[in-house]
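[1] Sequence plus predicted model, see below.
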Amino acid sequence: MLDLVLLRKSPDEVKAGLARRGVPTSDLDELIAKDEEHRSLLQEAERLRATVRELSKRVGEARKSGDTKAAEELTSESRAIGDEERRASEKSDAAGDEVRALLLALPNIPSDETPDGLSEDDNVEMRRWWPGMDTGAPFPSFEEYQKVPHWESGEALGILDLETGAKIAGSMFPLYRGDGSRLIRALSAYALDRHADAYEEIRPPTFALTETMMSTGHLPKSADDMYEIPRDGLWAIPTSEVPLTSMKSNQILEEAELPIKMTAATACFRREAGAAGRDTRGVLRTHEFDKVELFAYCTPEQAQECFDDILARAEAMLQSLGLTYRLLSLCAGDIGTSSKRTIDLEVFSPGVDRWLEVSSTSWFGDFQARRANVRFRRNGSPKFVNTVNGSALAWSRIWIALVETYRQMDGTIALPAVLSPYLGGRTVISKR
RNA sequence: GGAGGGGUGACAGAGCGGCCGAAUGUACCGGUCUUGAAAACCGGCGUGGGCUUGCCCACCGUGGGUUCAAAUCCCACCUCCUCCGCCA
């Protein structure tokens, strides 16, 4: 949520910032007008309420001194003003709700580093990494036996069974089996262990209340992209960013506690309503996937360090797995609603011959903290914290890259040695 | 799922419908005393909002209701604890 005070003080700055994401100036003018209306209604309601309180106090005094007649007069006067106050409050509250709804619908202001542009075509590739790059090796040219899409090799090896997944839950709900399943589990364990030095491991609930979904900015905007359980007022989380961001909601932290860094491995659920029919092969895009998230509550001054650390960890994991990837700086029109700045990591998949998003690191400023009401005490007065998060990493697409990149001529898959401790000492997946 | 008991400021813990934004204690901040510290003593100490900066308004789990007036009474819900039942 944007700072309403900032909008009042420097409307032009806010307008210019949001224009970069395609938000029309008229939206902000509407909000400013509604805010002014709300405040004048509020003043009127508060003035009446103060009168009622004053009169009520005098009723008590009159009663105590035995002046029944005065008490009755004051009571009826107060009653009349009370009715007036009720009507004024209703108007004021209604205007306040409208202000809140308008404010909630607005996205965050992109940071200065965020490149201009309105669609993903305007994202900026920052750099690429591939195994051996440091020692001068050229960008990898993959062998023919690596250029087999994972849905073919996965089915052949018996580690991926999309048909059965679809039978159980519908299409785009994958079913991994045998070593394919174990690989997912290994990746989560490997990641959590790597981050354990600085990030507290959390196993949060998989579902979250509507209010919780609001705090990250997933609601009200992206309701169609999420699975809802209306009977219980719950939503399946699209990322563990949701529960993690709300862990300290409505709390005032001590500045000395910050930054608070946490990591979580959870399933993530996405309806992919806007992407229906796209990337339907294999596990390129699925309704459910496992992901390890890195998250930090921090001061504004710490945000850059936290952002850099999360990005560095995501990159280090990709490098340790020997996968080719690139960094994309998302443009103003492509960053998420709540984000000020986002860098995506895309892994190269030789079988599909495409770059696949496997990580997204974002700085949110105080946008989410304002919604979740997470503050810290500085010089005695509370301020909103900053939130930063990023995936390290999303496994279904890492699974793709591993299965394709490490496919051998004989059709087996020889995985990197770092995973060996998590795969019972083995690194080769072959047909069983 | 059933029965009972709780949810008040950073924490603990009071609070006959009006004098309660809320006693008291602890913690915290400032001061006195002290070579220094501790102790003692004195003072301060919630959050948010509005405007004419001095005042006004809101907040005692959440949402309704009763009343001239609600932390206090009524209803619903959430949540925690104890006991019973069921259960991975």
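    Structure's in. What do you need?

[2] What residues does the stretch 51-200 of chain A have near RNA strand B?
    Residues of the stretch 51-200 of chain A found near RNA strand B (CB under 7 Å from any atom of the strand) are A:52-57, A:59-60, A:63, A:75, A:78-79, A:82. (C-beta placed from N, C-alpha, C; glycine too.)

[3] mind showing which ranges of the stretch 101-250 of chain A have poor pLDDT?
    Low-confidence segments of the stretch 101-250 of chain A (pLDDT under 70): none present.

[4] can you map out the strands along it?
    A:124-129, A:200-202, A:207-209, A:228-229, A:234-236 (DSSP state E, counting those that start in this stretch).

[5] Check the stretch 301-432 of chain A too.
    In the stretch 301-432 of chain A, strands defined by DSSP E, counting those that start in this stretch lie at A:325-329, A:341-349, A:354-363, A:374-378, A:381-384, A:386-394, A:413-414, A:428-429, listed in chain order.

[6] Redo those as TSV? Include mean neighbour count, mean pLDDT and distance to A:Leu187.
    Shown next, in TSV, are these (neighbours: other CB atoms under 10 Å; pLDDT from 0 to 100; distance: least, CB to CB, whole Å):
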stretch	mean neighbour count	mean pLDDT	distance to A:Leu187
strand A:325-329	20	98	15
strand A:341-349	25	98	13
strand A:354-363	22	97	11
strand A:374-378	19	86	30
strand A:381-384	14	86	34
strand A:386-394	27	96	8
strand A:413-414	18	98	14
strand A:428-429	20	97	13
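
[7] Out of those, which gets nearest to RNA strand B?
    Nearest to RNA strand B among those is strand A:381-384 (4.3 Å), distances taken as CB to the nearest atom of the strand.

[8] so what's A:Leu175 up against?
    A:160-162, A:164-165, A:168 (CB atoms under 8 Å, 6 or more residues apart in numbering).

[9] what about the residue lying closest to it once chain neighbours are set aside, how many residues close to it?
    Take A:Leu175 and drop its neighbours on the chain: the residue closest to it by CB to CB, 6 or more residues apart in numbering is A:Gly165, 3.5 Å away. Using other CB atoms under 10 Å, A:Gly165 has 21 neighbouring residues.

[10] With the one 5 residues further on instead?
    By other CB under 10 Å, 9 other residues sit near A:Gly170.

[11] one step back: could I get the strands of the stretch 301-432 of chain A in CSV, plus columns for distance to A:Pro131?
    Shown next, in CSV, are the strands of the stretch 301-432 of chain A (distance: least, CB to CB, whole Å):
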stretch, distance to A:Pro131
strand A:325-329, 11
strand A:341-349, 11
strand A:354-363, 16
strand A:374-378, 40
strand A:381-384, 42
strand A:386-394, 17
strand A:413-414, 14
strand A:428-429, 19
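
[12] Quick one: these as TSV, columns for distance to RNA strand B too.
    Formatted as TSV, these follow (distance: least, CB to the nearest atom of the strand, whole Å):
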stretch	distance to RNA strand B
strand A:325-329	33
strand A:341-349	25
strand A:354-363	22
strand A:374-378	7
strand A:381-384	4
strand A:386-394	16
strand A:413-414	34
strand A:428-429	31
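
[13] of the ones you listed, which approaches A:Asp97 most closely?
    Relative to A:Asp97, the nearest member of the strands of the stretch 301-432 of chain A by CB to CB is strand A:381-384, separated by 22.2 Å.
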